[in-house]
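In: Give me a 3D structure for the following:
(one chain, ligands or ions: 2)
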Amino acid sequence: MGKKRLVAISAPSGGGKSVVTRHILNKFPNVIFSVSATTRQSRPNEIDGKDYFFLTKEKFEELIKQNELIEWEELFGNYYGTLKSEVQKAIDNNRTMLFDIDVKGALSLKKHYPDDTILIFLAPPSKEVLIERLKKRGTESEEQLKNRLARAEMEISMSKDFDYIVVNDILDETLQKVEQIFIENCQ
Ligand code: ADP
Ligand code: 5GP
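Out: Numbers count the residues shown, from 1 in each chain. Ligands and ions are numbered 1, 2, ... in the order given. Next comes the predicted model:
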């Protein structure tokens, strides 16, 4: 099996993507993060250019027109997209790149780079646990929370086309499983 350069981690909102991404980036210094463009507001703790490129709607639409994005989606009333320049960074530097993107974006990435991509889905142990984790994170209004949960079922149903499904129950076990996927596919 060839070495995989592009690894996408998807999950319903609150599924654990940020936590797992942070862990993998700490554990494997050779892995770089694909910084997506978005029009959503930054959360406290998020850094422009590190977590996302936070853009205006106008600027994002310009990127679409100029064909600067590999894929993009409108999610929860905002645009999110993967920049061609980010993926180029991984290719030019021969590095493994980690993507925190939604299920459709992940499948689209695999379509563009079928031989280089693996897709990991973090499944919540139950709907109740997912709700509890999202609420605990406390970054969404009641309405935003509803929108994010409404999308979760569709996302879970699309995960059947992923290479790996990891049930994110005990966090330490999840981190170990994802580490193992990186060791097997990317080292
Ligand atoms: P996402 O990036 O997919 O939206 P986060 O990584 O922000 O999700 O996780 C949502 C919340 O749930 C965070 O507060 C996170 O610390 C917590 N969390 C994630 N995985 C677990 C787990 N296995 N057990 C307990 N809490 C978790
Ligand atoms: P959040 O607002 O919680 O950071 O992200 C909302 C959703 O957008 C998550 O499912 C996240 O994975 C997804 N997302 C982030 N960046 C991109 C991207 O570049 N493309 C796509 N398709 N989805 C993304």
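
In: What about the residue lying closest to Asn93 once chain neighbours are set aside, how many residues nearby?
Out: In space, and not counting its chain neighbours, Asn93 is closest to Ile32: 7.7 Å by CB to CB, 6 or more residues apart in numbering. Every C-beta, even on glycine, is put in place using the N, C-alpha and C of the backbone. Per other CB atoms under 10 Å, the neighbour tally for Ile32 reads 16.

In: thought Pro124 was touching Pro12?
Out: Yes: applying CB atoms under 8 Å as the test, Pro124 and Pro12 come out as touching, 6.4 Å apart.

In: list residues touching both of the two?
Out: Overlap between the neighbourhoods of Pro124 and Pro12 consists of 130, 152, taking contacts as CB atoms under 8 Å, 6 or more residues apart in numbering.

In: quick one: the residue nearest to Asn93 and Lys50, what's the gap?
Out: Separation of Ile32 from Lys50 (CB to CB, to the nearest Å): 11 Å.

In: Dig out what the residue nearest the centre of the chain forms beta bridges with.
Out: The residue at the geometric middle of the chain, judged as the C-alpha nearest the mean C-alpha position with CA atoms, centre = their mean, is Asp100 (1.5 Å). In this structure, Asp100 has the following beta-bridge partners (DSSP bridges): Ile9.
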